[in-house]
Every structure is written in structure tokens, then in C-alpha cells.
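Undergrad: Sequence isn't available, so here's the structure alone:
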């Protein structure tokens, strides 16, 4: 692919010599603005609004994992009016690889293939001079795919609600240290009835630029009647990034961890054709009363009755009625929650989605399919009291392309926009709304089944 690059361990120095001048400029920018790297974006939710001066530099981290014969790409997109410099660095068990450095023009996207030959694989995407978004797409042998929204680094604990080790599941906790100093962290696993803090993981030490993959089933298997296994990762020195990869009999799913629990989550699922469950962690100091409301195309309806979840515990709650709909998960007594909605697609594939803790006016939605393309849907959730008018722009590697027509999303409703046959390729879509909404994507088709939240574009 002429517009793409590849990151693999051991790539030659000659390959990157042509980018040396740009790389040196990027290093200078990092030295000047390093403290801002963690300010843009939050794991499990869209970036908080920030002043333009704070958006000159940022970084996303993609704990994509991998395996024998797997392939992975990160796709970076620039929805802004000015060029953005981007640096993509792969990381593995033995450290980081040589970066790919490029300039991403206004309304442009770019795929970069990254190594995914081992479960201990992650990628750092830095941007300079403007805002850029980044998502990871992973393909297993046979063509099944999964995707995830890359997350921002955080000093707070990471919460990973979806690491279920029920029979037939193979769950892996991916930990990355993308920084230049060593990091160590304590890992605790929880199920409905057990809490385990393995001595080998208390702490676990990660050298600079390295990734480790922890097979969760080695430490905690879900017992009879249990559905949930979750993890808490607390960095003691340095900072780490955490994500989950769960393989099942019919597919696999992945998601970055949650670093900012919230009392409300807006989850633009869409595309669900089978069962769904909400894996949740109550990280508060008192029991949480959890309610789930489904916002569909015609009505908003409760999914079950409010459930009491004790402090510090984990649960999986059944969710019904998610086809072409979104969920509102709320702790009615304001206890903080970390959640992951796990769904089964029409073809039997699986996907997971954390959702957003607030709505926004503009969203960047990078493609969730390999560079060869695939069918995607946009999922637009309006939890607010007023109807939303949403317009679209779309672009690819060479610039803008025709976009879908504007639509109306009624209050407390969800609208799904089918992109199959509309754009003709894997393109980024920018959604602009008259009132704050939440935007996500769903891949349903031969390319697999995947869900991901979009990126709120800072004002």
C-alpha cells in the first residue's frame, strides 16, 4: 500500500534515514512540551474540553496485543484545518522499535501497520501541532477482526471490567510502559466471589518502552455461576497503560482500560444481534444502585430493574434490546463505576465497548476495518433534552470524499447510519451536531464484529 508504512522489530536504519530531519524536529517539540502529553483524552471516555494552547501536543496508546499470524494497524486521522506531525512507535517484550514519522495533512488519515506477532504488543501514537485521533485494528488468521479506541496515559489506577475467564474464553491483560523510565505496578484480579493479588504481579516491573502480556486464566478462573473477571492495575512507580484482549470460540474482542470511573456511561453500541452483558466494577466506597436504560430509534426503555452492586465488587448484568440502540448506565446514588458492554454480533462475533462519560458537539471516527475496507455503521446517541441535527464530513488518505447527508437524532434516541456502499472505502467520518451527542462505530460483516467510541474533537 503506497500510503501506508509498517513497523516491525529490526527494521533497517536506512528505512528511516529519510525522515531524520522530521524526527529531530519532533524530538525538539517533545522536549519543549512533554508535560502536555497526557492531557488530551481519557481512557474509557472522550477527551475533556481544553484550551487550544493545550492541544499542540498529545499521545494515544494502543494496547492491541497479538498472536501468531496476526496483523495490526493503527489509523491516525487529522480532522483539523492544519497539518499535524505524527510519530508512531511500536512496543514489544524487548522494548520499542524505530518510529514511523510523518506529516498528516488537514482532513487526512493514514494507516500504519504495526507488529502483532505476540500478545505483548502495543503502539504509541504521538501528535504535534494539532489534534489527531488514533484507533487500532487487529486481524487474526482467517480474516476475523477486532478494533479498539486508543487511550491516553494516566497516573490513576486502570480498571478492566472485561477479562472473563469463563469456559471457552482466553483473556489476556496487556500492560505497556511507553515511557523512558522503568515502571512497576500491582495487579489485582476480581471475580464475583474471589479477589486475587498474585505475588508475581505485586509488583510487576516493566522496563522502558516494553510490553508484557498476562494470561488471566493462570491466576483466576471464573468459578461455577461466575461470569465476571476484572482487573485493577495500580502503578507504584512510573506510569503504565492497560488493555484487554479476550478470545472466544467465535471471535475476539479488545478494549483499552478505564482510568476515570464515572457515575454515568453513555454506550453507543448498535449492531448487536444477539445477547449482551454489562461487565461492571463498583470502585466506590459504598454499594452502587445501577440502572440501565436502552435508547433506541423509537423509545427509551429500562433494561431490567435497578441492581445493587456492593462496594469493591464486580458483576455482569444482562442487557436486552440493543439492536440499533445505545445504553445509558447510571449509578443512581453517584458511586463511580467502570463498565464494559460485551455484545454478540449478528454473525456470532463478539465485541466490547466502554462508552463515554459525557457528550460532545464534534466527533472524529477513524475506520475500524483493515486497509482493504469493510462495512461500517455510525451510531449516534442523543441523551439530551433537545433534538440534534448532525452533519457529516468524510476523508481518506488523499483528502475529503462525499459524506452522508445530515440527519436528525431525537432527544433520548439513537440513530444508526449505514455506511456500506456510501463511502466506497475505509474513511474517517467527522460528525458535527447542533447539541452534544455521543458517537461510536460498529463493524458488522465479513470483516468481523467490532465496536468503538469515537474521539470528541476539542474546541
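TA: That came in fine, so what should we check first? On a predicted model such as this, the values are computed, not experimentally measured, just so you know.
Undergrad: residues of stretch 438-455 that come out buried?
TA: Judged by neighbour count using 16 or more other Cβ atoms under 10 Å, the buried positions of stretch 438-455 are 438-445, 447-455. C-beta coordinates here come from the backbone N, C-alpha and C atoms, glycine included.
Undergrad: Just to be sure, which of these are found in strands?
TA: The strands in this structure, assigned by DSSP state E, contain 438-445, 448-453, 455 from the buried residues of stretch 438-455.
Undergrad: Any stretches of the chain with poor pLDDT?
TA: Low-confidence segments of the chain, defined by pLDDT under 70, are located at 1-56, 271-274, 421-424, 446-447.
Undergrad: Show me where the chain has its helices.
TA: Under the criterion DSSP state H, the chain contains helices at 13-17, 20-33.
Undergrad: which residues does residue 329 bridge with?
TA: Taking DSSP bridges, one obtains residue 265, residue 292 as the residues bridged to residue 329.
Undergrad: now it: how far from residue 267?
TA: Distance check for residue 329 against residue 267: by Cβ to Cβ, to the nearest Å, it reads 6 Å.
Undergrad: Mutual contacts of the two, please.
TA: Common neighbours of residue 329 and residue 267 are listed as 339, 341, 355 (criterion: Cβ atoms under 8 Å, 6 or more residues apart in numbering).
Undergrad: what number of residues lie near the closest residue to residue 401 other than its chain neighbours?
TA: Excluding the flanking residues, the one nearest residue 401 by Cβ to Cβ, 6 or more residues apart in numbering is residue 394, at 5.1 Å. For residue 394, the tally of surrounding residues (other Cβ atoms under 10 Å) stands at 21.
Undergrad: what residues are up against residue 394?
TA: Residue 394 is in contact with 400-404, 423, 427-430, counting by Cβ under 8 Å, 6+ apart.
Undergrad: Could you pull up the residues touching the residue nearest the centre of the chain?
TA: Central residue of the chain (Cα atoms, centre = their mean): residue 149, 2.5 Å from the mean position. The contact partners of residue 149, by Cβ under 8 Å, 6+ apart, come to 135, 256, 452-455.
Undergrad: Which two of the residues you listed have the greatest separation?
TA: The largest separation in these, counting by Cβ to Cβ, is between 256 and 454 at 13.9 Å.
Undergrad: picking up where we left off before, more neighbours: residue 329 and residue 267, which one.
TA: Residue environment comparison for residue 329 versus residue 267 gives the larger neighbour count to residue 267, 31 against 23, counting by other Cβ under 10 Å.
Undergrad: isn't the more buried one right next to residue 343, touching?
TA: No: taking Cβ atoms under 8 Å as the definition, residue 267 is not a contact partner of residue 343, at 9.7 Å.
Undergrad: Please enumerate the shared neighbours of the two.
TA: Taking Cβ under 8 Å, 6+ apart as the contact criterion, the residues that touch both residue 267 and residue 343 are residue 353.
Undergrad: if we can go back for a sec, reformat the contacts of residue 394 into CSV and put neighbour count and distance to residue 112 next to each item.
TA: Putting the contacts of residue 394 into CSV (neighbours: other Cβ atoms under 10 Å; distance: Cβ to Cβ, whole Å) gives the following:
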residue, neighbour count, distance to residue 112
400, 14, 21
401, 17, 20
402, 12, 26
403, 18, 24
404, 18, 27
423, 21, 21
427, 24, 16
428, 27, 14
429, 27, 20
430, 24, 20
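Undergrad: nearest spatial neighbour of residue 140, skipping sequence neighbours?
TA: Spatially, and ignoring its direct neighbours in sequence, residue 140 is nearest to residue 70 (5.5 Å; Cβ to Cβ, 6+ apart).
Undergrad: residues touching that neighbour, list them.
TA: Contacts for residue 70 (Cβ under 8 Å, 6+ apart) come out as 116-117, 138-141.
Undergrad: what's the answer for residue 140, then?
TA: Residue 140 touches 67, 69-70, 252, counting by Cβ under 8 Å, 6+ apart.
Undergrad: let's see it at 7 Å
TA: 67, 70, 252 (Cβ atoms under 7 Å, 6 or more residues apart in numbering).
Undergrad: how many neighbours does residue 249 have?
TA: If you count neighbours by other Cβ under 10 Å, residue 249 ends up with 10.
Undergrad: Distance-wise, check it relative to residue 265.
TA: Residue 249 sits 28 Å away from residue 265 when distances are taken as Cβ to Cβ.
Undergrad: just residue 120 next, same as before
TA: In this view, residue 120 and residue 265 are 29 Å apart by Cβ to Cβ.
Undergrad: who's more crowded, those two?
TA: The residue with more neighbours, out of residue 120 and residue 265 and counting by other Cβ under 10 Å, is residue 265; that gives 29 against 21.
Undergrad: unless I'm mixing things up, the more buried one is touching residue 357, no?
TA: Yes: with contact taken as Cβ atoms under 7 Å, residue 265 and residue 357 are classed as touching, separated by 6.3 Å.
Undergrad: List the buried residues of stretch 247-261.
TA: Going through stretch 247-261 with 16+ other Cβ under 10 Å, the ones that come out buried are 247-248, 251-261.
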